[in-house]
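Novice: Any chance you can model this:
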Amino acid sequence: MADKLLSISRRTRKTPFTPLVEAAGVKGYTVYNHMLLPTFFDSNESDYWSLCQDVQVWDVSCERQIEVSGPDSERLIQLMTPRDISKAVIGQGLYAPLCDENGLLINDPILIKFAPDNWWVSIADSDVRLWARGLAFGLGLDVQIREAAIWPLAVQGPKAEELVSRVFGEAARSIRFFRSKMLDFQGHSMMVMRSGYSKQGGFEIYLNDPALAEPLWNELFKQGADLKVRAGGPNLIERIESGLLSYGNDMNFTHNPFECGLDIYMDLDADIDAMSLKALRALRGKHVHQLVGIVFDDAVEFDDFRVEADGELVGDVRSQVWSPRYNKFLTMVMMKRDFLADNSSITIDGKLGTIVDLPFDFGNIA
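Specialist: Sure, this is the predicted structure:
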């Protein structure tokens, strides 16, 4: 498909970092939670190597924080997810599927216990706020639900810890994975969490004052000059190599967590009040599809993302990319489990592909 222009209007929201992203030479955007998300600056491959070797600063303000506060906040959050949140501590993040009464995926956010009776739902691309408000109203829960005035900025890559510690102090180094601290920047306290949408290591800074967007951005680039810091964004090559899922691409509201390998983030035998629990218990072991990887030695052309065997549709491609590191064509495919039971490979476009579990294990891929 030829490149098309993205028409930007008031429905496509900018962020406090957008002028800085523009000045950094962004070449592409997508729309995520009705907000601009930069996709690449130099090229997909050049950005990939920068991320894997050095450090990047990402405007991920599109990771909207749905704040749920009030006496019934934890009850509402638990209703929305089959993961047991009862042991979460303040400042902790939990990756958790959100599921409806039929066990189908609404979103796969990071749940953050920000304070007593105050949770942030750091959402992927879907309108969770509307669903949460409907549940709260229908059940008469004592909660307040709003989109918080928070604009996350990610610092990702092997040199991320060095850069963040230069800007926020040595306390940043002691932050554990999916844990956070309130750290000072120019006399203003904001949450810094060791997390991010890559496997290269890094942090997310939860900016809570848009007036500090430019000073924070500029300080990161000033302090990171010798680290080869660059502007970037979630990278398609790196995320597929790492097996990181993208809601709306790899799975959506028609899928359940079993199909996507998210059952490890569910507590189906726990004594919790989750609205999806009954349906998910009934689905256990009975799901029809499974998200897997198919690895090819050469790039493959799929007919409308269809994966066919002997004329029968057995799956559909959800994400695909050429890996310059491994010289392989990587696909993430939603396949029929009955086909997977009898096959470990498939031929597409005249090319043999090996079916593998996700995430990709490159140590075992020839």
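Novice: Roughly how far does Trp49 sit from Leu183?
Specialist: Trp49 is 30 Å from Leu183, where distance means C-beta to C-beta, to the nearest Å. Any C-beta I mention is one placed from the backbone N, CA and C, and that applies to glycine too.
Novice: of the two, who's got more company?
Specialist: Taking other C-beta atoms under 10 Å, Trp49 and Leu183 do not tie; Leu183 has more neighbours (20 against 16).
Novice: Just grab the bridge partners of the more buried one for me.
Specialist: As for beta bridges, Leu183 partners with Met190 under DSSP bridges.
Novice: quick one: it and Val192 touch, right?
Specialist: Yes - counting by C-beta atoms under 8 Å, Leu183 does reach Val192; the two are 4.8 Å apart.
Novice: any shared contact partners between these two?
Specialist: Counting by C-beta atoms under 8 Å, 6 or more residues apart in numbering, the contacts common to Leu183 and Val192 are Phe168, Ala172.
Novice: From Leu212, how far off is Tyr48?
Specialist: 30 Å.
Novice: Repeat that for Val121.
Specialist: According to C-beta to C-beta, Val121 stands 23 Å off from Leu212.
Novice: neighbour-wise, which of these two wins?
Specialist: Using other C-beta under 10 Å as the criterion, Val121 and Leu212 rank with Val121 on top: 25 against 18.
Novice: Residue ranges of each domain in the chain, please.
Specialist: Per automatic domain parsing, the structural domains of the chain span 18-63+150-240, 65-147, 288-366.
Novice: Quick one, which of those gets closest to Asn249.
Specialist: Evaluated with C-beta to C-beta, those place domain 288-366 nearest to Asn249, the distance being 5.4 Å.
Novice: and that closest one, average pLDDT?
Specialist: For domain 288-366, the mean pLDDT works out to 95.
Novice: swap in stretch 143-162?
Specialist: So the average pLDDT for stretch 143-162 ends up being 98.
Novice: for stretch 22-39, same thing?
Specialist: 96.
Novice: can you pull the buried residues of that stretch?
Specialist: Residues of stretch 22-39 classed as buried by neighbour count (16 or more other C-beta atoms under 10 Å): Ala24, Val26, Tyr29, Tyr32, Asn33, Met35, Leu36, Leu37, Pro38, Thr39.
Novice: Among those, which lie within strands?
Specialist: Tyr29, Tyr32, Met35, Leu36, Leu37, Pro38, Thr39 (DSSP state E).
Novice: and which of the residues you listed is nearest Glu67?
Specialist: For these, the nearest to Glu67 is Met35 (16.5 Å; C-beta to C-beta).
Novice: Now do the SS call for Ser180.
Specialist: strand (DSSP: H, G, I helix; E, B strand; the rest coil).
Novice: For it, give me its contacts.
Specialist: Gly91, Gln92, Gly93, Ile112, Met191, Val192, Met193, Arg194.
Novice: go with 7 Å
Specialist: Shown in contact with Ser180 (C-beta atoms under 7 Å, 6 or more residues apart in numbering): Gly91, Met191, Val192, Met193.
Novice: Backbone dihedrals for the nearest residue to it once chain neighbours are set aside, please?
Specialist: Counting by C-beta to C-beta, 6 or more residues apart in numbering, the nearest residue to Ser180 once its immediate chain neighbours are dropped is Met193, at 3.8 Å. Backbone torsions of Met193, given as degrees, to the nearest 10, read phi -120, psi 140.
Novice: what about Met193, neighbour count?
Specialist: Using other C-beta under 10 Å, the number of residues around Met193 comes to 25.
Novice: Hmm, it is touching Gly202, no?
Specialist: No - proximity of Met193 to Gly202 does not meet the contact threshold set by C-beta atoms under 7 Å, at 9.9 Å.
Novice: tally of neighbours for Cys62?
Specialist: Counted with other C-beta under 10 Å, residues neighbouring Cys62 total 23.
Novice: try Ala88
Specialist: Using other C-beta under 10 Å: Ala88 sits among 18 other residues.
Novice: so how far is stretch 94-103 from its chain's centroid?
Specialist: In terms of C-alpha atoms, centre = their mean, to the nearest Å, the centre of stretch 94-103 is found 15 Å from the chain centre.
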